[in-house]
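Q: A structural model of the following input is requested.
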Amino acid sequence: MIVLERIAAVRARCDEAVRAGKSVGLVPTMGYLHEGHRTLMRAARAENDLVVVTLFVNPTQFGPNEDLASYPRDPEGDARVVTEEGVDVLFAPSVAEMYPRPGLTHVTVDEVTDGLCGASRPHHFVGVATVVTKLFSIVGPCTAYFGKKDFQQLVVVRRLVEDLNLPITVVGVSTVREPDGLALSSRNAYLAPDDRPAATVLYRALECAIATVKEGERDPVAVRAAAVTLVEREPLAQFDYLEVRRADDLAEVEHLDDGVEHVIALAVFLNTTRLIDNATFTVDGAAVHYDLPGRSPVAQEH
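A: Have a look, this model is predicted:
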């Protein structure tokens, strides 16, 4: 594994691989790597000749009152993780390398960024879309791996690749969870010991929503209401949003139609720590197919 800090060096390495007929796998991260990131790297390693992991805490996707300065960092630990996972290149640029002067060009993806996290973080996805486009430009044709935990981000990236005709294949990888269902996230490090048990309320709300659909409910308003009620019963949790949307474009729906993939997405504050989670599901007559690994497939409390 080699560590590169310059754009030109990464571009040259990837261009060389492509000219040699090799495939390139890209895993963009902001560091503080955990098992979820390892899962992305393993998928990239299994499917590609050259694997590039980027480590860059992107300042343009943080709002003025957000946690850029305090975002958890562990560069030595991150280097150890990528080495253990057989990564070929760790791209760890400075802010000055990525943004040598204030940018006048921004990538905006409309509509799919309007709600959910986009409502409470209005500039976040412009920063995400712009930096991801820059990384795609640097690495070139590749398969890029993103976690489904950041589901809205995944939808945004897929749409910008489609709209801009980029030579990128985007792969979404299922969320990795703790045994009690909490989705792995770098921001879990912020949780105080007393907050940690309460953080499972996100997973329990998803369980509740899925259970409600499995019981035959097809009105998304009713599904949402059942899950919101569960969140509101947790005294340490402050509700941000919970929505049931169509999965491919995050459009609002009036009915859970058969054969259409939907997503239940939510964000909750535990004191000052904001956590997000989601689950996708598809109704097939009386059956419900869903992606919610973890504790148990069906909630017992709803």
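Q: ok, which stretches of the stretch 151-300 of the chain are helices?
A: Using DSSP state H, counting those that start in this stretch, the helices of the stretch 151-300 of the chain run over residues 151-163, 201-214, 220-232.
Q: Only the buried residues of the longest strand belonging to the chain, if you could.
A: For the chain, the longest strand by residue count, based on DSSP state E, is strand 273-284. Residues of strand 273-284 classed as buried: 273, 274, 275, 276, 277, 278, 279, 280, 281, 282, 283 (neighbour count, 16 or more other Cβ atoms under 10 Å). Any C-beta I mention is one placed from the backbone N, CA and C, and that applies to glycine too.
Q: surely the first one meets residue 196?
A: The one in question is residue 273. No. Residue 273 is beyond contact range of residue 196, at 10.1 Å (criterion: Cβ atoms under 8 Å).
Q: what does the lowest-mean-pLDDT helix or strand in the chain rub up against?
A: The helix or strand of the chain with the poorest confidence is helix 117-120; it has a mean of 94 (mean pLDDT, DSSP states H and E). For helix 117-120, contacts defined as Cβ atoms under 8 Å, 6 or more residues apart in numbering pick out 124, 125, 152, 240, 241, 267, 276.
Q: Relative to residue 64, how far out is the spatially most central residue of the chain?
A: Of all residues in the chain, the one closest to the mean position by Cα atoms, centre = their mean is residue 150, 2.2 Å from it. Using Cβ to Cβ, to the nearest Å, residue 150 is found at 21 Å from residue 64.
Q: follow-up on the earlier one: which of the contacts of helix 117-120 ranks first by neighbour count?
A: Sorting the contacts of helix 117-120 by how many neighbours each has (other Cβ atoms under 10 Å) puts residue 125 first, at 27 neighbours.
Q: Which strands or helices does the helix or strand encompassing that one pack on?
A: Element membership for residue 125 (DSSP states H and E) is helix 124-139. In terms of contacts (3 or more Cβ pairs under 8 Å, 6 or more residues apart in numbering; DSSP states H and E), helix 124-139 is packed against helix 7-19, strand 24-29, helix 117-120, helix 151-163.
Q: Mind checking these for the one nearest to residue 51?
A: Nearest of the helices and strands packed on helix 124-139 to residue 51, taken as Cβ to Cβ: strand 24-29 at 4.7 Å.
Q: Tell me which other helices or strands that closest one touches.
A: Using 3+ Cβ pairs under 8 Å, 6+ apart: strand 24-29 touches helix 7-19, helix 35-47, strand 50-55, helix 124-139, strand 142-147.
Q: In TSV: those, plus mean pLDDT and distance to residue 74.
A: Shown next, in TSV, are the helices and strands packed on strand 24-29 (pLDDT from 0 to 100; distance: least, Cβ to Cβ, whole Å):
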stretch	mean pLDDT	distance to residue 74
helix 7-19	98	22
helix 35-47	98	12
strand 50-55	98	10
helix 124-139	98	20
strand 142-147	98	18
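Q: Kindly check the end-to-end length of stretch 80-95 for me.
A: Stretch 80-95 has an end-to-end distance of 22 Å (criterion: Cα to Cα, to the nearest Å).
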